[in-house]
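Student: model this:
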Amino acid sequence: MEKVLDIWLRASVQAHGFIDAAFWHAQRDSMRTLYLPVATTYVFERDGAVAGFYSLHGDVLAALFVDPDSQAGGIGSLLLADAKTRRSVLELSVYSANQAARRFYARHGFVAFGERPDEHTGHPETLMRWQA
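Tutor: Model (predicted):
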């Protein structure tokens, strides 16, 4: 749990420079006590250490994060491929300003179908869906 939280926090701060880092630090306890416990989380290990994870909540890909020190090595694609074996439909929301993540999901067959403000930050989120 601690390594998953560490990856989530560092990757969130890195990927979302448009949101103050203090927000992510303030969300750490909620991730530990509210969000992760209601989802099923799968981890990717390399050399005995957690290098990334994803969480499913029903058909929602609630999280997919790779340790910033291990990014751009295909771990995110492997995690996403594994998630696709577990569901025939996946939906997610990604900050609209996070162009890299939006491109990543589009490369893996996700299609945008809407936008809404994030309930915590007010920043726009793009809603995306993949279907087998």
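Student: all helices of the protein, in order?
Tutor: Applying DSSP state H to the chain gives helices spanning 2-15, 21-30, 75-86, 99-107.
Student: other SSEs contacting the last one?
Tutor: In other words, helix 99-107. Other helices and strands packing on helix 99-107, by 3 or more C-beta pairs under 8 Å, 6 or more residues apart in numbering; DSSP states H and E, are strand 89-95, strand 124-131. (C-beta placed from N, C-alpha, C; glycine too.)
Student: and if we set it to 10 Å?
Tutor: In terms of contacts (3 or more C-beta pairs under 10 Å, 6 or more residues apart in numbering; DSSP states H and E), helix 99-107 is packed against strand 60-66, helix 75-86, strand 89-95, strand 111-117, strand 124-131.
Student: Buried ones in the longest one, by neighbour count?
Tutor: Spelled out, that is helix 75-86. For helix 75-86, a neighbour-count test (16 or more other C-beta atoms under 10 Å) marks 75, 76, 79, 80, 83, 84 as buried.
Student: Ok, the third one next?
Tutor: Within strand 89-95, the residues scored as buried using 16+ other C-beta under 10 Å are 90, 91, 92, 93, 94, 95.
Student: got it, and the first one?
Tutor: Of the residues in strand 60-66, those buried under the neighbour-count criterion (16+ other C-beta under 10 Å) are 61, 62, 63, 64, 65, 66.
Student: so for it, what's the average pLDDT?
Tutor: Mean pLDDT, strand 60-66: 96.
Student: what inclination does that strand have with respect to strand 124-131?
Tutor: Taking axes from the mean of the first three to the mean of the last three C-alpha atoms, to 10 degrees, strand 60-66 and strand 124-131 form an angle of 100 degrees between their directions.
Student: Likewise for the second one?
Tutor: With the same axes, to 10 degrees as the basis, helix 75-86 and strand 124-131 are set at 50 degrees to each other.
Student: What angle do helix 99-107 and helix 75-86 make with each other?
Tutor: Relative orientation of helix 75-86 and helix 99-107, computed by the same axes, to 10 degrees: 40 degrees.
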